[in-house]
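Student: Make a model of this:
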Amino acid sequence: MIKNILTVGLGGGLGSMLRYMSSLLAMKYCAGWFPWATWTVNVAGCLLAGILFGLWGNATGSTLRLLWLVGFCGGFTTFSAFALENITWWQMCEYYKIILYTLASIVSGFAALWLGIAIVK
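Tutor: Numbers count the residues shown, from 1 in each chain. Predicted coordinates:
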């Protein structure tokens, strides 16, 4: 059990660091009202999760699955940032941004996950 927790923690730490570096790049090159950094890592994380799930499925005891799918993808994606951005727009009464961002995130996230699974098959 301790080994599994440390494995997930290692993956999560690596994912979080890459997420931070990705955010810096996105903010530098993609300015504007749309939160490209969060959207990009969520879609990329969903794609990677789809690929890894396609490879390993629900093999819950697999060290590689714990490291990469649970830890890395969990640390890399940023659903909490997604929720915070939407709440901020809600408080500013910018409802059209919430709708566009939410739909874009959900549709592209599901599509990327499906694509990841399809790539493996």
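Student: in the protein, which spans are strands?
Tutor: Ranges of strands in the chain, per DSSP state E: none exist.
Student: Quick check: most distant residue from the centroid of it.
Tutor: Relative to the centre of the chain, and counting by Cα atoms, centre = their mean, the farthest-placed residue is Cys93 at 26.2 Å.
Student: Phi, psi for that residue please.
Tutor: Phi and psi for Cys93, reported as degrees, to the nearest 10, are phi 60, psi 30.
Student: And the pLDDT for it?
Tutor: On pLDDT, Cys93 comes in at 97.
Student: what sits against the spatially most central residue of the chain?
Tutor: In the chain, the residue lying closest to the centroid (Cα atoms, centre = their mean) is Thr77, at 2.5 Å. For Thr77, the contacting residues are Gly15, Arg19, Val41, Asn42, Gly45, Cys46, Ala49, by Cβ atoms under 8 Å, 6 or more residues apart in numbering. (Each C-beta comes from the backbone N, C-alpha and C, glycine too.)
Student: what about the first one, how many neighbours?
Tutor: Counted with other Cβ atoms under 10 Å, the neighbours of Gly15 add up to 24.
Student: Without its sequence neighbours, what residue ends up closest to it?
Tutor: Closest residue to Gly15 apart from its sequence neighbours, by Cβ to Cβ, 6 or more residues apart in numbering: Gly75 at 2.9 Å.
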